[in-house]
Every structure is written in C-alpha cells, then in structure tokens.
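Trainee: Just to be clear, the model below is a prediction. Sequence and coordinates:
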Amino acid sequence: MSFPVTPTLDTIVALCKRRGFVFPAAEIYGGINGVYDFGHLGTLMKNNIRTTWLKSLTNPRGEIVQIEGSLLAPEAVWKASGHVEGFHDPMVDCKACKKRFRADELDLNKGCPSCGNNDWTEIRQFNMMFKTQVGANQDSGSIAYLRPETAQAIYINFKNVMTTSRSKIPFGIAQIGKSFRNEITPKQFLFRMREFEQMEMQWFCKAETAPQELQNWTAQRLAFYKSIGLTMDKIRTRDHAADELAHYSTNCTDVEYQFPFGWKELEGIAHRGCYDLTQHSTHSGKDLGVFDEATKESYVPNVVECSIGVDRLFLTLLFDAYYEDVVEGETRVVLKLDKKIAPIKAAFLPLIKKLEEPAQKLYQSFLERGISVQYDASGSIGKRYRRQDEIGTPFCITYDFESEQDHCVTVRHRDTTKQERIAIDKLAEYLAL
Ligand code: ATP
C-alpha cells in the first residue's frame, strides 16, 4: 500500500540535496540567500518542465512564437513599465533583534515572529529590482536593471517579432528565462527565490475578445496541470478582487496550489489590457500599434498573460509526487512523477555483474535515442529499485539469466511495484518514452 504523506519542506530540501536535484548556490562559501543551483537530476527535470509547458501552449486559436530576451535592460524600460516607481514591497525592521520582514505578511500587533518584541521601525517601501551600471560611464544613461519579470522583453520586442514572424492577431509570444527580485525575505526553498526562472506567454488579441481569452487560457492552463499529473483537488483558481490588482492589470486569476504552508499562487493569468504596449509606445516614441485591415485603423492590442515560475512548479511537483510506502518491511520513498516530468525515464539493471554486457548494450540503445536513462549495477536489486523510486524513475528494466534464453526483460513499475516480462524488441514501444 502506498500512501501520500505531506512531506515537510525540510524533507523535500533534504531529498533534493541527497539526490542531486538542487543545491544551495555557492555552498562551499556559505551560500547566498534565495539563490540555488540545480544538479544533474534537477536540470533534467527542469528541461522536462520547460518542454511540456511549451507543448501545452498549442491551441487552434492562433500560433505561439518564442523569444529569448536579454536579462539586462536600460532604466528607460523599467520606467515605462512602472517598475522603477511601483515595484515595491513594504518592509519593516524589528528594533530589538534587527530582523527584517515584509510588513504585508505580518500582524505587527502580535510582535516580532523572531524575538517576540513589539518595537518596529517605520514601514518603508523597498524596490525589489537589482540595479547595476553598464560600462564605465557613471551617468544616468548607464543605469540598467536585471529584469524582475520576463514579460517586458516580449512587449519591447513586439513589433520586431510580429513583423519577422509574419504573425497576425491573435497570436502569442512565449519566453522562458531568468528573472531577478531582491525579495525582502526569500523563503520556502524554491517558492520565493531571488533568482528564479519564469515561463511566460503573452497572448495579443483584440480588446473585445480578451475577457473570453482569459477564460480560454485559464481552462487551458488547468488542463496543463492535469496533464502533468498534479492532484487536481489541490489546485484551485482565485480571481483577484479589484483592490488586489496590479497597476497594469484589468482582471487576474491566480492558479493556486495547496502547499503544506497554505494555498499559494502557482501561476498568474492576467488580462493586462493595452497598458504595457501603450506605455512603451509613449515612452519610446515608437508606434506599437497594429493595422486592422477590416476597419483600416490602427489599434494597440490587448494582452492576456500566463506567467508561472519554473522553480515554483518544480517544488510543487515534488510535494505532490512524494509518497512513502512499505515494501518488504522497509519504508521506501517514491516520487510518483508523471513520465513526462521524471528526470530519468528508465533504469537498466543487470541482475548480476556477469550480465553487464547485454544490459549495457540495451541501455546504450536507449541513450543513443536521446532518452535520459540510467545504468546501475551496484548493490542488491531491491536497493537499486529503491534508489530509482526515490528519484521518480517510472520503469526499472532488469536483465537476468532467462533473458539470454527468452530475449525478454523484467519491467518493474514504480508506482505499483508490479513486474512484467517484455520482449526486448518490443521494449521501446512498450515503454513509449
Ligand atoms: P507572489 O505573490 O508569490 O510574490 P507575484 O504575484 O509577485 O507572486 P508574479 O509577478 O505574478 O508573482 O510572477 C508570476 C509567477 O512567477 C508566480 O506565479 C510564481 O510562480 C513565479 N514567481 C514570482 N516570484 C517568484 C520568486 N521570488 N521565486 C520563485 N518564483 C516566483
């Protein structure tokens, strides 16, 4: 019997470290708060998340093209977008223990969560962008910022992309890349980081279709979560109240997940009106309007945005997939990751050392097809199964003595631990990796 346990954050952090999914960045120098490095398995899993997300954007309503924008952009971009003026979080310091907090996340009357005192500084606004200077000249023209969201790179490239890809409204521009926010209190591991990765899709459409598109995209995003195996009972949507909306937003629906630390945003789906393109038109002096052949008039398209953090989804998937059960009197940890997301798709295990050669050959044949598979010949077969369960490998393939005669291998299924004999020449088709 396997049963989902709600793992603590510490359990997930320890698993990530132990098995090489995620490490604290610059760990040998004491680390850097809110920044992480991804190991081999983490990198493979992130790649799978990116690929699956891109595929999930396909729809009959219009095409999706991609860009990879720069991480640095001049101050002018962030003035136009409103980030220089408005990308703040309120912060407050405890005068007694000097710890800093986000004021909107605290009940100040209850006292400091760290030392219990109730003696606070004034609440101050803290801009979360990382500011830097480009080149040797220290004038205002040399100020740049690391991007706090990927969206702006899409808006400022809108005309370039639309013209060169010969796209017609409606269409979408998707981008996967790093964003940087100097979060006051990075916490909960990959949930709130200072350097993180976003997958964003900006859908350009006419104003009159935007409310319907917001609904279409919300449904399409929920279908995505179902397709990657998330427990749908732990997913809900929440519409923003008017006073919660960001300065650019007309309407916004958050997709939330029930983390062990509460219901939290996983993805933001927003109708941003024509705010961003209009702002960049005004500030740059370049017309970002589109000519409508039907009305013979130019207009600024509306945008519906779907924005999700790769790392936050990564963490969600780990929480959601974590199970423990007892096999042969021993507790095993098993990550029931969807086959599309699992970092290693199959592991090849010779029953004993003597059978290494044919098992290796089989393993190589999968490797050559670009499938991420592992080979493991060390330890008892039970131990090897356990190692793969813990990293979410859906299939273990054992080559044994009989394989020499019947040209079959044993396929062991991660979730059920059931085993089946499958002909070697049918294996690829059977696993459908
Ligand atoms: P939150 O309310 O959690 O701070 P947000 O509303 O500021 O999030 P958005 O600006 O809408 O977030 O960013 C879109 C997505 O990017 C979020 O839904 C989340 O998945 C991800 N994200 C945002 N900030 C972070 C962060 N500091 N670390 C990891 N992922 C993040």
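Mentor: Sure, I can see it.
Trainee: all contacts plus neighbour counts: C-alpha atoms, from now on.
Mentor: Fine.
Trainee: how about the residues of the stretch 201-350 of the chain near the ligand?
Mentor: Glu265, Leu266, Glu267, Gly268, Ser307, Ile308, Gly309, Asp311, Arg312 (C-alpha under 6 Å from any ligand atom).
Trainee: Which helix or strand lies directly C-terminal to the strand or helix carrying the third one?
Mentor: Element membership of Glu267, judged by DSSP states H and E, is strand 262-273. Toward the C-terminus, strand 262-273 is succeeded by helix 275-284 as the next helix or strand (DSSP H and E).
Trainee: For Leu146, give me the pLDDT.
Mentor: In this model, Leu146 is scored at 98, pLDDT.
Trainee: coming back round to it: just the CA atoms of the strand holding Glu267, as CSV, please.
Mentor: The C-alpha coordinates for strand 262-273 follow below in CSV (Å, rounded to 0.1, in the frame of the first residue of the first chain):
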residue,chain,number,x,y,z
GLY,A,262,-1.1,27.0,2.7
TRP,A,263,-2.8,27.8,-0.6
LYS,A,264,-0.3,29.9,-2.6
GLU,A,265,0.0,31.2,-6.1
LEU,A,266,1.5,28.9,-8.7
GLU,A,267,0.6,30.9,-11.8
GLY,A,268,-0.9,34.3,-12.5
ILE,A,269,-3.2,34.6,-15.5
ALA,A,270,-3.9,38.3,-16.2
HIS,A,271,-5.8,40.5,-18.7
ARG,A,272,-3.3,43.4,-18.9
GLY,A,273,-5.4,45.5,-21.2
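Trainee: buried set for that strand?
Mentor: For strand 262-273, a neighbour-count test (16 or more other C-alpha atoms under 10 Å) marks Lys264, Glu265, Leu266, Glu267, Gly268, Ile269, Ala270, His271, Arg272, Gly273 as buried.
Trainee: what about Leu315, how many neighbours?
Mentor: 21 (other C-alpha atoms under 10 Å).
Trainee: please renumber so the chain begins at 523
Mentor: Yep, numbering from 523; the last one is Leu837 now.
Trainee: Surely it and Arg714 touch.
Mentor: No. Counting by C-alpha atoms under 8 Å, Leu837 stays clear of Arg714, with 10.6 Å between them.
Trainee: For these two, list the residues in contact with both.
Mentor: Taking C-alpha atoms under 8 Å, 6 or more residues apart in numbering as the contact criterion, no residue touches both Leu837 and Arg714.
Trainee: now, which of the buried residues of strand 784-795 sits nearest Tyr897?
Mentor: Distance to Tyr897, by C-alpha to C-alpha, is smallest for Leu788 among the buried residues of strand 784-795, at 34.8 Å.
Trainee: wait, what's in contact with the closest one?
Mentor: Contacts of Leu788 (C-alpha under 8 Å, 6+ apart): Asp776, Val777, Glu778, Tyr779, Ile830, Gly831, Arg834, Leu835.
Trainee: neighbouring strands for the strand holding Glu789, and are they parallel or not?
Mentor: Strand 784-795 sits in its sheet next to strand 773-781 (antiparallel), strand 824-831 (antiparallel), going by DSSP bridges.
Trainee: List phi and psi for Arg646.
Mentor: Dihedral pair for Arg646: phi -120, psi 150, per degrees, to the nearest 10.
Trainee: His610 is in contact with that one, correct?
Mentor: No. With contact defined as C-alpha under 8 Å, Arg646 does not reach His610; the gap is 9.4 Å.
Trainee: Look up how far Leu576 lies from the spatially most central residue of the chain.
Mentor: Residue closest to the average C-alpha location in the chain (C-alpha atoms, centre = their mean): Val832, at 1.3 Å. Val832 is 12 Å from Leu576, where distance means C-alpha to C-alpha, to the nearest Å.
Trainee: same question, Gln734
Mentor: Relative to Leu576, and taking C-alpha to C-alpha, Gln734 is found at 22 Å.
Trainee: When the two are compared, which one has more neighbours?
Mentor: With neighbours defined as other C-alpha under 10 Å, Gln734 and Leu576 compare such that Leu576 has more, 18 against 12.
Trainee: which ones are touching that one?
Mentor: Ala696.
Trainee: pretty sure it is in a helix, no?
Mentor: Yes. Counting by DSSP: H, G, I helix; E, B strand; the rest coil, Leu576 is found in a helix.
Trainee: Report pLDDT for it.
Mentor: Leu576 is given a pLDDT of 98.
Trainee: List phi and psi for Ile866.
Mentor: Per degrees, to the nearest 10, the backbone of Ile866 is at phi -110, psi 130.
Trainee: Neighbours of it, how many?
Mentor: Other residues close to Ile866 by other C-alpha under 10 Å number 21.
Trainee: what's the answer for Cys538, then?
Mentor: Using other C-alpha under 10 Å: Cys538 sits among 20 other residues.
Trainee: Please apply the same query to Gly694.
Mentor: Neighbours around Gly694, by other C-alpha under 10 Å: 26.
Trainee: Show the contacting residues for it.
Mentor: Neighbour list for Gly694: Gly584, Glu585, Ile586, Val587, Met723, Gln724, Trp725, Phe726 [criterion: C-alpha under 8 Å, 6+ apart].
Trainee: Met715 now?
Mentor: Gly556, Val557, Arg703, Glu705, Pro708, Lys709.
Trainee: Could I get the contacting residues of the third one?
Mentor: By that I understand Arg703. Arg703 neighbours (C-alpha under 8 Å, 6+ apart): Met650, Met651, Phe652, Pro670, Met715, Arg716, Glu717.
Trainee: And those, which is closest to the ligand?
Mentor: In terms of C-alpha to the nearest ligand atom, no member of these lies closer to the ligand than Met715, at 3.8 Å.
Trainee: Can you pull the phi/psi pair for the closest one?
Mentor: Dihedral angles for Met715 - degrees, to the nearest 10 - are phi -110, psi 170.
Trainee: Could you do Asn640 as well?
Mentor: Torsion angles, degrees, to the nearest 10, at Asn640: phi -120, psi 60.
Trainee: separation between it and Asp611?
Mentor: From Asn640 to Asp611 the distance is 21 Å (C-alpha to C-alpha).
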